[in-house]
Structure formats: structure tokens, C-alpha cells
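Chemist: Just the structure for this:
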Amino acid sequence: MDHPYPTFAALASFLREAHPRLAYLHVIEPRNAAGVDRDPLPGESAEFLRLIWQGPSGSENGSAYISAGGYSPEEAIETAEKKGILIAFGRHFIANPDLPARIKKGIPLTPYNRSTFYAPGNADGYADYAFADKEAEENYKNFDKL
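Modeler: Numbering: from 1, shown residues only. All right, here's what the predicted structure looks like:
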């Protein structure tokens with residue numbers, strides 16, 4: 001799609017008006033092209049969708065806005081606090097099963113291996129990443145007992 005902004009702006013506006021009780025809008029920032037991570041080009045952002053969804057004040061419709069797309073923990077926290085939105089992690093969560101603990105404790109993230117993504121019948125790259133510390137590992141193992 002050569003010019004996606006008008007299409008997605010119309011969709012976000014329609015959803016906001018037609019479904020005012022919709023819980024959230026989840027948007028992925030353009031930080032990947034053909035499977036390769038990249039920095040967004042100038043003016044290339046989904047910010048226009050946030051402004052449509054939440055309004056200029058950031059909370060006009062009371063519905064959450066979730067942004068994903070290559071955020072570092074520091075960028076995620078800064079963006080969430082500055083814009084009053086939620087940040088989602090995908091690829092980083094695969095490589096860091098204890099991602100919330102790592103972010104909270106300032107522990108560096110384990111890099112993910114994109115070549116192992118979407119490989120059917122192979123757990124390598126999905127369930128074999130190490131935890132940062134024993135506490136996080138124990139919390140994860142005991143999660144189903146809560």
C-alpha cells in the first residue's frame with residue numbers, strides 16, 4: 001500500500017465512533033521491513049493513530065492505546081509515561097521469558113534470534129532462553145500455582 005495513512009486513519013476513526021467501549025487499539029510501529037529491523041524514516045510513525053484514538057488530550061475516549069515495535073526498555077518507559085499509553089513487547093519477550101523482571105531490575109535483554117522464529121516443530125529459540133536470575137526463574141515456574 002503506497003499511502004496507508006488515509007486508510008488506517010479512517011479505520012481508527014470508524015472504530016472509535018462505532019465502538020466507544022472497545023478496550024484498546026493495538027498498533028505496531030513501522031520498525032521492520034521484510035524481516036529486517038530498521039529505524040523509522042522521518043515522519044513515519046503510527047502517532048497519528050494515537051491522536052485519533054485518544055484525542056489531543058490523550059484520554060478523550062477512555063480506551064487504551066497499545067504501541068509495539070522495537071522499543072528498548074528505556075524507550076518503552078519514557079514513551080509510556082510521556083504519552084500515557086501502554087507498550088507491548090513481542091520478539092524481546094521470546095528471548096527474555098522474565099522480561100518484566102529484567103526491565104524492573106535494569107538487567108540487559110538477551111538478544112533474540114530471528115532465524116528461529118516460525119520454525120514448526122522446533123523449540124529452539126522459543127523455550128530455551130535462560131532467565132536472568134534464580135528469583136525470576138522461580139517466579140516463572142511457580143506462576144501456575146498462584
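
Chemist: Where do the domain boundaries of the protein fall?
Modeler: The record's domain split for the chain, according to automatic domain parsing, is 1-88, 94-146.

Chemist: So Leu15: helix, strand or coil?
Modeler: The three-state label for Leu15, taken from DSSP: H, G, I helix; E, B strand; the rest coil, comes out as helix.

Chemist: per-residue pLDDT, it?
Modeler: The predicted structure scores Leu15 at 95 on the pLDDT scale.

Chemist: Which residue is the nearest non-sequential neighbour of it?
Modeler: Once flanking residues are discounted, Leu15 sits nearest to Leu22: 6.2 Å by Cβ to Cβ, 6 or more residues apart in numbering. For glycine as for every other residue, the C-beta is placed from the backbone atoms N, C-alpha and C.

Chemist: now swap in Glu137 and tell me
Modeler: Using Cβ to Cβ, 6+ apart, the closest residue to Glu137 is Phe131 (3.8 Å).

Chemist: and what of Ala130?
Modeler: Nearest to Ala130 is Thr110, by Cβ to Cβ, 6+ apart, at 7.2 Å.

Chemist: Now that the one you found has come up, it's in contact with Ala95, right?
Modeler: Yes - the pair Thr110 and Ala95 qualifies as a contact (Cβ atoms under 8 Å) at a distance of 4.7 Å.

Chemist: Mutual contacts of the two, please.
Modeler: Tyr129 (Cβ atoms under 8 Å, 6 or more residues apart in numbering).

Chemist: Can you tell me the closest non-neighbouring residue to Ala76?
Modeler: That would be Ile87: by Cβ to Cβ, 6+ apart, it lies 4.0 Å from Ala76.

Chemist: what residue ranges in this structure score low on pLDDT?
Modeler: Within the chain, the stretches with pLDDT under 70 are 32-36, 38, 57-61, 142-146.

Chemist: the helices in it, which residues?
Modeler: For the chain, the helices defined by DSSP state H cover 4-18, 47-54, 73-83, 91-95, 99-105, 134-141.

Chemist: would TSV of those helices with mean neighbour count and distance to Thr116 be doable?
Modeler: As requested, the helices of the chain are exported to TSV (neighbours: other Cβ atoms under 10 Å; distance: least, Cβ to Cβ, whole Å):
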stretch	mean neighbour count	distance to Thr116
helix 4-18	13	30
helix 47-54	18	31
helix 73-83	14	22
helix 91-95	18	9
helix 99-105	16	17
helix 134-141	13	20
